[in-house]
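Engineer: give me a 3D structure for the following:
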Amino acid sequence: MLYHSFRLQHMNPDSYTKYAYIGKDSVRKRIRLLEKEILTLEAQKKPQEELLRECERILLLEPLAGRPEEYMEWLQDMEDYKSKEREKKKLVQKLETLKAQNVDQLEEERRAVTLLCDGKKRERDERNRLIHDKEREIGQLNQETVEKNEALLEREADLKQRREYDEELTAYLSGQEYPRYDRERERFTSLCHKLSEERESARSRLIDIRTEYLRNRPNRNFPVSAGDNQSYDHLLDALQCEHLEEYKAKATEQAKAAVEHFRDDFIYKIRSAIREALIRKDELNRIISRLDFGKDKYQFVIGRNRGLDGRYYDMFMDDALEVNPACLNQSFENQMDLFTIEHEQHYGQLMNELISIFIPPENAAPEQMEEARRNMDKYADYRTYLSFDMQQLVQNEDEVIKIRLSKMIKKNSGGEGQNPLYVALLASFAQAYRISLSPRIERSPTIRLVVLDEAFSKMDGEKVASCIQLIRGLGFQAVISATNDKIQNYVENVDKTFVFANPNKKSISIQEFERDRLTELVKDIQEDGY
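Structural biologist: Numbering: from 1, shown residues only. Presented below is the predicted three-dimensional model:
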């Protein structure tokens with residue numbers, strides 16, 4: 001083995017076998033190897049010498065001036081000569097036979113038959129086209145007939161016998177001395193056309209009036225081009241209602257009840273979410289309080305938002321909202337009024353201010369609606385009212401000094417800045433794997449696997465050892481990747497190390513090291529004097 005540049009590797013076997021040069025045994029062994037190599041080269045040389053002599057003999061032959069392809073073509077022509085002669089005789093005999101016949105008469109007959117066939121083909125195609133057109137026309141007429149019959153049946157089904165119309169028609173026809181139905185139809189058709197034009201003109205004016213009305217009142221979601229005026233008539237009846245003031249009072253009561261319900265639901269959801277976050281914070285602090293990160297200890301801190309939104313925090317967490325079931329009597333009347341008078345007096349205006357952020361103004365523009373939606377997403381999230389931080393606990397004689405990491409993170413070096421990151425990360429893993437639960441509680445087993453890519457890259461060896469000790473203390477099974485220049489920070493602290501190499505970008509080699517084996521290798525190197 002060879003140890004060089006903080007790296008342990010195997011030596012090339014040829015360095016202490018084939019190319020050894022120290023000692024008499026090495027010289028004799030080197031001579032034997034060279035003699036054996038000479039015999040091997042002599043055996044390889046004999047067939048090459050025979051091949052060389054054969055090549056020299058071929059090179060002494062007379063060279064040909066032409067290209068090899070020409071001589072190969074000549075050889076092929078010589079082989080095909082006899083078959084070509086036989087084919088020529090057959091063609092000459094066939095030509096003589098054809099000359100003996102009346103070729104012109106046969107050609108004339110062939111042309112006549114060809115012209116006749118072409119004419120028949122054109123006639124056939126024309127007939128087929130006419131047949132196809134007629135069939136398509138028949139299909140269209142049949143379809144129109146079916147549609148007309150269906151329309152006739154529908155109109156006959158919709159036709160209602162109206163005696164007054166029949167009497168009016170009889171009276172009208174009795175006043176005509178010689179009624180002509182075609183003229184009467186033309187007269188009434190013209191009258192219907194005129195009335196249709198007047199109807200369309202009136203409909204156009206109605207659509208313009210509706211459009212102007214909806215433009216002035218965009219909150220009205222009424223149809224513009226509806227055939228009837230039902231929606232507008234209902235609105236007119238509602239606006240002309242005699243009990244409008246009574247309905248307004250009821251609507252005000254309903255709106256107030258809805259706002260109260262929203263307040264109850266909203267404020268207790270935010271309160272519950274904040275309390276849940278505080279419980280999770282305490283759980284994480286209990287986990288990391290039992291662990292040492294080198295000489296440092298850390299603690300999570302959750303408090304009021306330091307910005308403008310923090311003024312709502314006391315409103316959500318006020319003790320007046322707490323209901324003690326032990327203080328309730330047997331009468332249920334007015335006992336579940338969660339917003340007590342005291343809380344309403346202190347935070348009523350502030351709560352109304354928060355609710356007003358959610359509600360867009362009447363006839364709001366799309367931009368205002370979008371802003372209201374963003375505000376609702378923001379203030380419906382409990383994290384808006386909180387600030388999150390970590391603090392470092394430093395033991396100083398008889399007191400513990402707490403340092404906020406949000407203030408020190410820019411002053412610390414890169415390695416020190418990574419310390420709280422991995423404390424928070426490992427504590428989150430511990431909470432996810434439910435490591436903090438009591439062993440007496442029955443729970444499903446977990447693998448407790450943690451995978452870290454190029455972790456602890458900015459830490460020194462001491463900090464890396466502390467991190468790995470922290471991982472072991474939590475009972476995790478960790479898989480950590482690192483670059484070659486950082487491997488010395490890990491080999492003495494992990495159970496097993498795998499070194500991956502790809503020098504030629506074609507194949508990957510893997511070398512495995514056990515921690516116990518690594519200690520033995522280092523001891524062997526020290527004993528050998530390297």
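Engineer: drop to CA atoms for contacts and neighbour counts, all remaining ones
Structural biologist: Will do.
Engineer: if I look at Ile487, how far off is Ser466?
Structural biologist: Counting by Cα to Cα, to the nearest Å, the gap from Ile487 to Ser466 is 16 Å.
Engineer: repeat for Val113
Structural biologist: When Cα to Cα is applied, the distance between Val113 and Ser466 equals 106 Å.
Engineer: equivalent analysis for Tyr312, please.
Structural biologist: From Tyr312 to Ser466 the distance is 41 Å (Cα to Cα).
Engineer: check Asp125 too.
Structural biologist: 96 Å.
Engineer: these two: who's more crowded?
Structural biologist: Taking other Cα atoms under 10 Å, Asp125 and Ser466 do not tie; Ser466 has more neighbours (18 against 12).
Engineer: helix or strand: which one has the more buried one?
Structural biologist: helix 461-473 (DSSP states H and E).
Engineer: ok, Asn504 next?
Structural biologist: Counting by DSSP H and E, Asn504 is part of no helix or strand.
Engineer: okay, the helix holding Ser466 in CSV with CA atoms only?
Structural biologist: In CSV, the C-alpha atoms belonging to helix 461-473 read as follows (Å, rounded to 0.1, in the frame of the first residue of the first chain):
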residue,chain,number,x,y,z
GLY,A,461,-13.1,18.3,11.0
GLU,A,462,-14.2,19.0,14.6
LYS,A,463,-17.6,20.4,13.6
VAL,A,464,-18.1,17.5,11.2
ALA,A,465,-17.4,15.0,14.0
SER,A,466,-19.9,16.8,16.2
CYS,A,467,-22.6,16.6,13.5
ILE,A,468,-22.0,12.9,13.0
GLN,A,469,-22.1,12.4,16.8
LEU,A,470,-25.4,14.3,16.9
ILE,A,471,-26.8,12.0,14.1
ARG,A,472,-25.7,8.9,16.0
GLY,A,473,-27.2,10.3,19.2
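Engineer: report all helices and strands that that helix contacts.
Structural biologist: Helices and strands touching helix 461-473, by 3 or more Cα pairs under 8 Å, 6 or more residues apart in numbering; DSSP states H and E: there are none.
Engineer: next, the buried residues of it.
Structural biologist: For helix 461-473, burial by neighbour count (16 or more other Cα atoms under 10 Å) applies to 461, 463-471.
Engineer: quick check: mean pLDDT across it?
Structural biologist: Taken as a whole, helix 461-473 has an average pLDDT of 80.
Engineer: try stretch 488-497
Structural biologist: Mean pLDDT, computed over stretch 488-497, is 81.
Engineer: go on, stretch 397-405?
Structural biologist: Here stretch 397-405 scores 74 as its mean pLDDT.
Engineer: pull it out as PDB, backbone CA atoms only.
Structural biologist: Extracted as PDB, the C-alpha positions of stretch 397-405 are listed here (Å, rounded to 0.1, in the frame of the first residue of the first chain):
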ATOM      1  CA  GLU A 397     -20.000  30.800  34.400                       C
ATOM      2  CA  ASP A 398     -23.300  30.700  36.400                       C
ATOM      3  CA  GLU A 399     -25.600  32.100  33.700                       C
ATOM      4  CA  VAL A 400     -26.800  31.100  30.300                       C
ATOM      5  CA  ILE A 401     -26.500  33.800  27.500                       C
ATOM      6  CA  LYS A 402     -29.000  33.600  24.700                       C
ATOM      7  CA  ILE A 403     -27.800  34.900  21.300                       C
ATOM      8  CA  ARG A 404     -30.400  35.400  18.500                       C
ATOM      9  CA  LEU A 405     -29.100  33.800  15.300                       C
END
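Engineer: which residues in this protein form helices?
Structural biologist: Assigned by DSSP state H, the helices in the chain fall at 24-59, 68-100, 103-158, 163-174, 181-216, 230-239, 244-289, 313-317, 341-358, 366-379, 405-408, 414-432, 461-473, 515-528.
Engineer: residues in contact with the fourth one?
Structural biologist: For helix 163-174, the surrounding residues in contact (Cα atoms under 8 Å, 6 or more residues apart in numbering) are Pro179.
Engineer: tilt between it and helix 181-216?
Structural biologist: Helix 163-174 runs at 130 degrees relative to helix 181-216, counting by axes from the mean of the first three to the mean of the last three Cα atoms, to 10 degrees.
Engineer: one more: the second one?
Structural biologist: Going by the same axes, to 10 degrees, helix 68-100 is angled at 170 degrees with respect to helix 181-216.
Engineer: domain-wise, how is the protein divided?
Structural biologist: 17-60, 106-154, 181-240 (automatic domain parsing).
Engineer: which strand in the chain has the most residues?
Structural biologist: strand 386-396 (DSSP state E).
Engineer: for Asn229, give me the pLDDT.
Structural biologist: Listed pLDDT for Asn229 reads 82.
Engineer: so the residue of the chain positioned farthest from its centre versus Gln93, what's the distance?
Structural biologist: Farthest-out residue of the chain from its mean C-alpha position, per Cα atoms, centre = their mean: Ala100, at 85.7 Å. To Gln93, Ala100 is 11 Å away according to Cα to Cα.
Engineer: Val400 now?
Structural biologist: Using Cα to Cα, Val400 is found at 125 Å from Gln93.
Engineer: can you check Glu200 too?
Structural biologist: Relative to Gln93, Glu200 is positioned 94 Å away (Cα to Cα).
Engineer: got it, and Arg124?
Structural biologist: Relative to Gln93, Arg124 is positioned 43 Å away (Cα to Cα).
Engineer: and what of Arg110?
Structural biologist: For Arg110, the distance to Gln93 (Cα to Cα) stands at 24 Å.
Engineer: flag every buried residue along stretch 23-38.
Structural biologist: So stretch 23-38, judged by 16+ other Cα under 10 Å, has buried residues 26, 29-30.
Engineer: nearest to Lys297, out of those residues: which one, please.
Structural biologist: Closest approach between these and Lys297, by Cα to Cα: Ser26, at 62.3 Å.
Engineer: give me the neighbour count for the residue nearest to the closest one when sequence neighbours are not counted.
Structural biologist: Nearest-residue entry for Ser26: Ala20, 5.9 Å, with adjacent residues in sequence omitted and distances by Cα to Cα, 6 or more residues apart in numbering. By other Cα under 10 Å, 15 other residues sit near Ala20.
Engineer: mind listing what Ala20 touches?
Structural biologist: 14, 26-27, 30.
Engineer: again, but for Ile401
Structural biologist: Taking Cα under 8 Å, 6+ apart as the contact definition, Ile401 lies against 393-395.
Engineer: what subset of those is buried?
Structural biologist: Neighbour-count burial (16+ other Cα under 10 Å) applied to those gives Leu393.
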